[in-house]
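Chemist: With the sequence up front, the predicted model follows.
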Amino acid sequence: MGGTRRATQRPAHIRPPVHWTNSPLPQPEPMREDRAEDQPGGRDPVRYGDWELKGLAIDF
């Protein structure tokens with residue numbers, strides 16, 4: 001495509017400030033899978049598509 005080419009490297013005469021550092025990436029927290037018994041009302045219907053009322057499947 002046309003347009004201005006993107007600069008991929010910093011010019012040699014420009015340096016970042018000394019106090020700028022690359023901090024380490026934080027470790028992600030392990031995913032916690034909630035059991036249906038732990039949730040009020042059982043499984044989340046939006047996530048699982050299980051719409052039920054008094055034990056009967058409903059759709060609205």
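Modeler: It's in.

Chemist: Show me where the chain has its strands.
Modeler: 52-53, 56-57 (DSSP state E).

Chemist: and the ones you listed, which one's lowest on average pLDDT?
Modeler: Of all the strands of the chain, the minimum mean pLDDT falls on strand 52-53 (a mean of 68).

Chemist: ok, Ile14 to Ala7 distance?
Modeler: For Ile14, the distance to Ala7 equals 11 Å [C-beta to C-beta, to the nearest Å]. Where C-beta positions appear, they are placed from N, C-alpha and C, glycine not excepted.

Chemist: which stretches of the protein have low pLDDT?
Modeler: The model of the chain has pLDDT under 70 over residues 1-2, 33-53, 59-60.

Chemist: switch the cut-off to 50
Modeler: Scanning the chain for pLDDT under 50 picks out no residues.

Chemist: what about the helices in this structure?
Modeler: For the chain, helices defined by DSSP state H occupy the ranges 45-48.

Chemist: Could you report the neighbour count for Arg32?
Modeler: 6 (other C-beta atoms under 10 Å).

Chemist: Quickly list what Ala57 is bridged to.
Modeler: Note on Ala57: beta-bridge partners by DSSP bridges are Glu52.

Chemist: That one: neighbour count?
Modeler: Neighbour tally, Ala57, other C-beta under 10 Å: 8.
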